[in-house]
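1. this one's structure only:
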């Protein structure tokens, strides 16, 4: 059983929409089915999907039993940064989809994890996302946490929800950024014109990205970015909005670049969190991918040194 206490619903979202946005690991179809089956209650009472939660409402969700996983385990090499009986943290390669979806039935991180972990994976993510606690875009490389049991999954998810997980990325963006450090605090929502894209929207969910300049080059800036929130495409949307899109990003810029790189140059380099079972403080780092390093090497003679 999971409980959500409504802290605000200024946008007057429907019950099903509110739950999907808050939890993100349940699809709208699943949420509607659970509401119809009275496995989602508001203040202990049945409500329709169209009900608009109010401040202080307690939404209780009887989470569905994990269904038998029918995915194929595939022996795909994925670097492991940390592993024990409860979690595994991997360095996801650029170009790898996290979980199966239309057009990507296999060859995903989940297929690889199934082969690595056999039967020891959390079922909370559902049939096609076993153990997946959070996500990275296909062309974003770097650290990703996978839970091996339901307790670890729930506690890890709560840490992320409570913003107690430190996530740092490295990115090469277009243009020379003047500020050494800055914070982008702009809400993000799904685009009404293109459902595959996100965008800055005053009615969206709050999204906070901090960035620090590591190096400046002719026409480019190397950044370290820390996110307080984990909105879909957050860094890519924010950087594009301020006029410095991530190099190679064809969704939020034209993607064209002098290095012939496809997909954004964005790498989840650092994670800091408490182990969901032992409480031990973990600080993990994933090396920058070779292709990324080779491009930075090419840019060395174009570095701008500030006096």
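-> Cool, the structure landed. Keep in mind that what you see is a predicted model, and the values were worked out from it rather than measured. Numbers count the residues shown, from 1 in each chain.

2. got the residue ranges for the helices in the stretch 201-307 of the chain?
-> For the stretch 201-307 of the chain, the helices defined by DSSP state H, counting those that start in this stretch cover 234-241, 290-298.

3. what number of residues lie near residue 97?
-> When counting by other C-beta atoms under 10 Å, one arrives at 21 neighbours for residue 97. All C-beta atoms are positioned from the backbone trio N, CA, C, and that covers glycine.

4. kindly report the same for residue 147.
-> A count of neighbours around residue 147, defined by other C-beta under 10 Å, yields 26.

5. start at 12 instead
-> Yep, numbering from 12; the last one is residue 158 now.

6. pretty sure it is in contact with residue 134, am I right?
-> No: using C-beta atoms under 8 Å, residue 158 makes no contact with residue 134, being 9.6 Å away.

7. overlap of the contact sets of these two?
-> Among the neighbours of residue 158, none is also in contact with residue 134 (C-beta atoms under 8 Å, 6 or more residues apart in numbering).

8. for the longest helix seen in the chain, which positions count as buried?
-> Assignment by DSSP state H gives helix 161-172 as the longest helix of the chain. By 16 or more other C-beta atoms under 10 Å, the buried positions in helix 161-172 come out as 161, 163, 164, 165, 166, 167, 168, 170, 171.

9. would you turn those into CSV with distance to residue 129?
-> Putting the buried residues of helix 161-172 into CSV (distance: C-beta to C-beta, whole Å) gives the following:
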residue, distance to residue 129
161, 16
163, 16
164, 17
165, 21
166, 22
167, 20
168, 23
170, 26
171, 25
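
10. using JSON lines, lay out those residues together with pLDDT.
-> JSON lines is the format used below for the buried residues of helix 161-172 (pLDDT from 0 to 100):
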{"residue": "161", "pLDDT": "88"}
{"residue": "163", "pLDDT": "91"}
{"residue": "164", "pLDDT": "90"}
{"residue": "165", "pLDDT": "89"}
{"residue": "166", "pLDDT": "92"}
{"residue": "167", "pLDDT": "92"}
{"residue": "168", "pLDDT": "88"}
{"residue": "170", "pLDDT": "92"}
{"residue": "171", "pLDDT": "89"}
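
11. of all these, which comes closest to residue 119?
-> residue 164 (18.2 Å; C-beta to C-beta).

12. would you confirm that the closest one contacts residue 145?
-> No: the pair residue 164 / residue 145 is not scored as a contact, 10.7 Å apart, by C-beta under 8 Å.

13. contact partners for the residue nearest to residue 190 when sequence neighbours are not counted?
-> Among residues not flanking residue 190 along the chain, residue 224 sits closest, at 7.3 Å (C-beta to C-beta, 6 or more residues apart in numbering). For residue 224, the contact set (C-beta under 8 Å, 6+ apart) comprises 188, 190, 191, 192, 232, 233, 234.

14. any buried residues in stretch 56-71, and which?
-> 58, 60, 62, 64, 68, 70.

15. what number of residues lie near the closest residue to the fourth one other than its chain neighbours?
-> If the residues on either side of it in the chain are set aside, residue 64 comes closest to residue 17, at 4.5 Å by C-beta to C-beta, 6+ apart. For residue 17, the count of nearby residues is 18 (other C-beta under 10 Å).

16. between the contacts of residue 224, which sits nearest residue 24?
-> Nearest member of the contacts of residue 224 to residue 24, counting by C-beta to C-beta, is residue 234, at 33.1 Å.

17. and the helices in the stretch 12-161 of the chain, which stretches?
-> Here the stretch 12-161 of the chain has its helices, by DSSP H, counting those that start in this stretch, at 26-34, 39-47, 120-128, 161-172.

18. columns distance to residue 306 on top of these, output as a markdown table?
-> Below are the helices of the stretch 12-161 of the chain laid out as a markdown table (distance: least, C-beta to C-beta, whole Å):
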| stretch | distance to residue 306 |
| --- | --- |
| helix 26-34 | 36 |
| helix 39-47 | 39 |
| helix 120-128 | 24 |
| helix 161-172 | 30 |
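
19. quick one: which of those is nearest residue 152?
-> Taking the helices of the stretch 12-161 of the chain one by one with C-beta to C-beta, helix 120-128 is closest: 11.3 Å.

20. contacts for the closest one next, please.
-> 80, 82-89, 91, 99, 101, 103, 107-111, 132, 139-143, 155, 157, 159.
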